[in-house]
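Chemist: Here is the input, now give the coordinates:
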Amino acid sequence: MIAAAIVTIGFSACTAKESKEVEVLNTYVDSVENLTPVYTTEYWTVIDNGYQERLALAEKDYAALDAEAKTRADASKARYEALKARYEQNIKDAQAAANPAPGSPNFRKVLRDRLFGEGKIGDDMQFAFVTGDNILGIYQNFVDVVADNRNSYTREDWDEINVLYEALDTRKNAVEKDLKSSDNLKIAGLKIKYASIAATNRGGTKVKENEDSKQ
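Modeler: Residues are numbered from 1 along each chain as shown. So this is what the prediction gives:
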């Protein structure tokens, strides 16, 4: 998509004559500024790779340029650096919002949303949405999410996860009379899996943090 947009704008700007490498660089920066921004590392990497390739070619012609052309080239490079700074800051902000640091206002909410679904668990820690009919799926999602992210959790993450897990277990006791026997057996298996993951990774996190603090 990025390439298509840039090629389209580039051809419209340079149809009258064959572009020199510096003109190609200028057109590329113009094109990037007109793209709808997507603030992800992957998207920016594509843009920056294209810029670096064109910049390397343009630098070979730079010494032979007249003063006006050099001014335009320098202006393009300055505009690109400003664009780069904006992208990098917005990417950083997006990543911070998606993965808030432990102790930040969004830390617990993000973790709870991933484990139980958007907005299911609030500050009141109510589990009324968990019933005998859906509890197996909730346990399955909980354990799957923990398994997928176990290597990235901090000690604070694990403390919060353990609190949520114990609350889910308490809710299970309340709805157990409505559980199918087959679901109860599957939940028992998931509980064993979670206990194994938590025992291995939660302890490992504390050891690593103690080593980091000593260093």
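
Chemist: tell me the domain boundaries of this protein?
Modeler: Using automatic domain parsing, the domain parsing of the chain gives 2-98, 107-209.

Chemist: any idea which of those domains scores lowest on pLDDT?
Modeler: In terms of average pLDDT, domain 2-98 trails the rest of the domains of the chain, at a mean of 81.

Chemist: farthest residue from the center of the chain?
Modeler: Most distant from the centre of the chain: residue 66, at 44.8 Å, with distances by CA atoms, centre = their mean.

Chemist: May I have the phi/psi pair for that residue?
Modeler: phi -80, psi 170 (degrees, to the nearest 10).

Chemist: what does residue 128 give?
Modeler: Residue torsions, per degrees, to the nearest 10, at residue 128 are phi -60, psi -20.

Chemist: Count residues in the vicinity of it, would you?
Modeler: By the other CB atoms under 10 Å criterion, the neighbourhood of residue 128 contains 7 residues. Every C-beta, even on glycine, is put in place using the N, C-alpha and C of the backbone.

Chemist: any idea how far it lies from residue 121?
Modeler: 11 Å (CB to CB, to the nearest Å).

Chemist: list residues touching both of these two?
Modeler: In terms of CB atoms under 8 Å, 6 or more residues apart in numbering, residue 128 and residue 121 are not both contacted by any residue.

Chemist: Next up, identify which helix or strand residue 91 is on.
Modeler: helix 67-98 (DSSP states H and E).

Chemist: got it, and residue 169?
Modeler: helix 155-175.

Chemist: Return the set of buried residues in that helix.
Modeler: 156-158, 160-161, 164-165, 168, 171-172 (16 or more other CB atoms under 10 Å).

Chemist: and which of those is nearest residue 23?
Modeler: Residue 23 has its nearest neighbour among those in residue 157, at 51.5 Å by CB to CB.

Chemist: Compute the number of surrounding residues for residue 147.
Modeler: With other CB under 10 Å as criterion, residue 147 counts 13.

Chemist: Skip the chain neighbours and tell me the closest residue to residue 165.
Modeler: residue 194 (6.7 Å; CB to CB, 6 or more residues apart in numbering).

Chemist: ah, wrong one, I meant residue 200
Modeler: Excluding its sequence neighbours, the residue lying closest to residue 200 (CB to CB, 6+ apart) is residue 150, at 8.0 Å.

Chemist: if I look at the one you found, how far off is residue 33?
Modeler: 42 Å.

Chemist: One more: residue 162?
Modeler: The value you get for residue 162 to residue 33, if CB to CB is used, is 48 Å.

Chemist: Equivalent analysis for residue 176, please.
Modeler: 60 Å.

Chemist: Next: residue 125.
Modeler: 48 Å.

Chemist: before we move on, what about residue 91?
Modeler: 17 Å.

Chemist: And those two? Which one has more around it.
Modeler: Comparing residue 91 with residue 33 by other CB under 10 Å, the one with more neighbours is residue 91, at 18 against 14.

Chemist: so what's the more buried one up against?
Modeler: 39-41, 44.

Chemist: Identify the farthest-apart pair in these.
Modeler: Farthest pair in the contacts of residue 91, by CB to CB: 39 and 41, 8.9 Å.

Chemist: Could you check which of those two is surrounded by more residues?
Modeler: residue 39 (16 against 12).
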